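Student: Structure for this input, please:
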Amino acid sequence: MVKLKLLLIALLMGFTGASWGQNKVSGVVSDSQNIPIPGANILVKGTTQGAATDFDGNYEITAKSGDILVFSYLGFKTQEVVYKGQAKLNIKMQDDAAQLSEVVVIGYGSVKRSDLTGAVASISSENITAQKKTDIGQAIKGQVSGVDVRSLSNKPGAPLNIRIRGNTAITNNIAGRDGLSDDAADDRSKPLYVVDGIFFEDINILNPADIQQMDILKDASATAIYGSRGANGVVIITTKNGIEGKTVFTYEATMGMNSVVNEPDYFSGDEYVAFVDDVIRSREWVKLFSNGVGTVDDYNNINVANFINTEIQTTNEEASNVANRRYTNWRKDFQKTGFQTSHNLGMSGGSNGLVYNGTIGYLSDEGVIGIEAFERYNISASLSKKVSDQFTVGLKTYLAFSEREEGSRELYRSTQRLAPTVNHRDVDGNIIMFPDQQDKRFINPYYDANGAWINNTKSMDVIANVFLNYKPAEWISFKTQFAPNIKNTRFGEYRGLLTKSSENNPSRVRAYYDSYFNTSYSWDNTVDLNFDVAEGHNLKTTLISSVYYKQREWSNIETRNFDTDAFSFYNTESGLDIRTYDTEYVKETIASFAGRLNYSILDKYLFTFSGRYDGSSKLSPTNKWAFFPAAAFAWKASDEEFLQNTDWLSNLKLRLSYGESGNDTSVSPYETLAFLGNNDYLFGTTQTNGVTVTGLPNYDLTWERSKEFNLGLDFGVLQNKIRLGIEVYNKKTVGSILSRLLSPISGYSSATGNFGSIRNKGVEIVLNTRNIQTDNFSWTTSINFSRNKNEILELDGDLDLIPYGNHGVLQIGEAADAVWAYEKIGIWQLDEVTEAAVYNRKPGEYKFKDQNNDGLINDEDKVVLGQESPDWTGGITNTFSYKNFDLSFNIYTRQGSFGHSEFNQLSVPWQGDDAKFNKVDLDYWTPNNQNSKNPALEYGANADWYYTDFDFIRVGNIGLGYQFSQPMLDKLKMSSLRLTLDIQNPFTFTDYEGSDPETGLQNNYNGGYLVKTILFGLKLSY
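Tutor: As a prediction, the model looks like this:
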């Protein structure tokens, strides 16, 4: 009876005409990489009935069997599909290169690239993974204008330095011998990283294969929505989501080898022996100037044999090795081939409003010397459920575990410095503990290469994103999102008995054990409104409230004097000499209220207004809160009627923006407060503990504030076969935080405050071309160029110059990382003995310019010689495809970087340490070779004078791929199968004498070789 009633009802409904045979159809619209497309339009052809996809690409529409559904979106080919009555219909849209294709995440939302008003660069998953790099930073080198990515070390798992539009912190540099810190965390100009809505510190732990898209917000109008967090630019990383439909499995693997490339050219055995002779001659010849003048004949007549025992030892086999030309190549003997492999397994799909995605990744990367290695495990999962038409809930989690073994910090340079005339082992095959009797600082590298010195870091990162989205109507939605982040790091170092620092002395053996436990979370609540105010007038508004909390706990232990190496750093109690034990707790919070308004008139005139009101716990009680506004305008000129009939013009858009953003990274938590420190007092004969005030508080300390103008042009011609983007910007940072020197009478050495101002201005150019496009062959080119000028505008009060470190200076009108030293103008020659003596110099020494002509060379003659940041950077990527084959190569360059070279200080022949070490084969001055641009051996140069250029052009990657054809895939029952071969860093063109100019600014201690990697890859899905 019930079934009969239902049948009658169904028959009655069938006669309602308009609704006859209609069904609800839903699905997901995605691109060729299975990335969901938000905002795609779906229309029942011939009607006004339509729908649009949500942020995750989901749609729902009513249609009847036989209807034609039209799917369209800017940047993709319009697709018409005959509806056959199915409940689910997923659509994969094909790129249309004739249009602007990207959807850009701009912080708390997304827009079509064609609707952008600010300066934002986007990198797709395909471009991030194309070169098979081990981390995201390496993957984007040379691909984004205005983004300078620099390696700090060539050891596996090493951090990177990433800057967007230059340095905004005056006191960014860390004073020291080489001018820069080797720790990326010390960079106060690093951008804000946002991973799935979570503020993040170390993107090195992310697996590139897990990334769906990276969007880089560069100008202040784009970053202002992040207020105080966005002064140095924002990098938004979105990990992959699931797509509703059948379950798709993917597997990607690479396997290959690492090897040394661009190795410095050190003296061979015979060259080193000749160098020793010249060292002796130079050392003895210069002594003649104490009572007269040395001549060429004096130099040639020096009897080297009388002094050879000071350099070539007769107490071991060294003299015999020289006599028999029996040499050791220490570098080659300790280099090895390192193996690299990665595996990524993924699964995604969904049905009935439930969408899921999960991946598991593993990376193993071995170094090319010693025990250097890096391992990383990644697990990610995302789950979202459309509970009803109004409610959607979701969860994203990401877990990363990594272990990095840096090995010995001396091995790299020890194998370079040891003379080729000394031996590994004695005649009986036993290891010689101190190969060079001249200098017992150098223990045999054999021990370090096999783990005598351990530097091990283990990190566990857990991030999550839980959200609830409520959409009561088409024009309004509410979203609350809670995003916690937990990072636990353990660092352990052990310098065993047979290391350079221990020198076979148990009392010098040492162990370090540091533990870090960081927790943070952000809780964001947003309201989005989207409606048409009038015909052709659209208003989109986003309102935000946000809370950010960060807490760090840290402890460290150092003990020495171990009687065994068996415990490594795991049993610090075994060390009889306790040197350090300490703990620390730091907390900081930021509360924020923000809003953004996008107003569109006729989809041609686009206005964006945003503002954020931030409060930071790190600043003084009366200056914690500040407001950061921004405004932008864009004009789609190519949509105007007077340009509609211009056949050659595809796109023309002008953009103008102004914004302000803040920065408090230059100040540490609690720095505005006064501190108490322990101190001992003597009352009569009784010693007791007490406290003293150790820091001067600043109750006026407030935000650094960056104010930026940006002018942009987007231009496309010939159906966008040629696309050009130009950005011109001027960013001024006022109230820069730095330390002011105080008079000793105050009882304090310095005070921190908003005393400075700095400016960055520059230009960025991006050119993309489709050079050839046929059915079987295509060739595309992407070129980017950026130039930035950094300039200090204001310092402490009336000061215009503050030297720091060995060669740094803060000077009005110069870059914050300027190099301050004497200007070299040549080498003093034999016919300039009298003139050289005025400056207390001798022939063969550097000749410096006397800037004020006072007959003295002192600090008043120091000038700015250059800056450590580059004048300009650029990159070019060419991609060719022929049928199922594709070939690509990427080249990038950094030009204009100048600074002190730690490598040169230790490795050039004129280093001035006798002939204890082997040296790079470079020309040097002698009385017989006065045309050399380099000074004489021994006395010719001071350790602080080793400045050099770090310019280079590098082929970053050459990649070859083969995509299996569809008929073959059908036979294999797969949806995709691809084979690849990549050669990373095969060629570097530079005049720099060391291994890698990119790391040349860093300390040679803990250094490493530039590595070439050859990788074979496999990627499949079914």
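Student: Kindly list the longest helix within this structure.
Tutor: In the chain, with assignment by DSSP state H, the single longest helix is helix 269-286.
Student: Please point out which parts of it sit buried.
Tutor: 269, 272-273, 275-286 (16 or more other Cβ atoms under 10 Å). Just so you know, the C-beta spots here come from the backbone N, C-alpha and C atoms, and that holds for glycine as well.
Student: which helices and strands does it pack with?
Tutor: The contact analysis (3 or more Cβ pairs under 8 Å, 6 or more residues apart in numbering; DSSP states H and E) places helix 269-286 against helix 296-300.
Student: list the buried ones in whatever helix or strand comes next after the helix it packs on?
Tutor: Heading C-terminal from helix 296-300, the first helix or strand you meet, by DSSP states H and E, is helix 318-323. Neighbour counts over helix 318-323 (16+ other Cβ under 10 Å) mark 318, 321-322 as buried.
Student: what comes into contact with the helix or strand following helix 318-323?
Tutor: If you walk from helix 318-323 toward the C-terminus, the next helix or strand you reach (DSSP H and E) is helix 330-334. Residues from elsewhere that reach helix 330-334 (Cβ atoms under 8 Å, 6 or more residues apart in numbering): 263, 266, 369-370, 411, 414-416, 418, 420, 424, 445, 449, 918.
Student: at 10 Å what do you get?
Tutor: 260, 263-264, 266, 368-370, 411-412, 414-420, 422, 424, 435, 444-446, 448-449, 918, 1009 (Cβ atoms under 10 Å, 6 or more residues apart in numbering).
Student: can you dump the C-alpha coordinates of it into CSV?
Tutor: Extracted C-alpha coordinates of helix 330-334, given in CSV (Å, rounded to 0.1, in the frame of the first residue of the first chain):
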residue,chain,number,x,y,z
TRP,A,330,93.2,14.6,0.9
ARG,A,331,90.1,16.0,-0.8
LYS,A,332,89.6,13.2,-3.2
ASP,A,333,90.4,10.6,-0.6
PHE,A,334,87.5,11.7,1.6
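Student: Tell me the helix or strand right after it.
Tutor: Counting by DSSP H and E, what follows helix 330-334 is strand 338-351.
Student: any idea where the helices of this structure begin and end?
Tutor: Taking DSSP H, the helices of the chain run over residues 2-14, 125-129, 136-139, 220-223, 269-286, 296-300, 318-323, 330-334, 411-417, 445-449, 641-644, 833-838, 902-907, 966-972.
Student: Return the distance of the longest one from the chain's centre.
Tutor: The chain centroid and the centroid of helix 269-286 are separated by 43 Å, computed with Cα atoms, centre = their mean, to the nearest Å.
Student: can you tell me which of the buried residues of helix 269-286 lies nearest to F562?
Tutor: For these, the minimum distance to F562 (Cβ to Cβ) is 37.2 Å, reached by Y272.
Student: From G230, how far out is the residue nearest to K240 when sequence neighbours are not counted?
Tutor: Nearest residue to K240 in three dimensions, chain neighbours excluded: Q212, at 4.5 Å (Cβ to Cβ, 6 or more residues apart in numbering). Going from Q212 to G230 by Cβ to Cβ, to the nearest Å gives 22 Å.
Student: Among those two, which residue is more densely surrounded?
Tutor: G230 (27 against 19; other Cβ atoms under 10 Å).
Student: Tell me the pLDDT of the residue lying closest to that one once chain neighbours are set aside.
Tutor: Spatial nearest neighbour of G230, chain neighbours left out: T223 (3.1 Å); criterion: Cβ to Cβ, 6+ apart. On the pLDDT scale, T223 is placed at 88.
Student: And the buried ones among the contacts of helix 330-334, selectable in PyMOL?
Tutor: Selection of the buried residues among these in PyMOL, burial being defined by 16+ other Cβ under 10 Å:
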select buried, resi 260+264+266+368+369+370+411+412+414+415+416+417+418+419+420+422+424+435+444+445+446+448+449+918+1009
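Student: Report the contact partners of T646.
Tutor: Applying Cβ under 10 Å, 6+ apart, we find T646 in contact with 638, 640, 652, 717.
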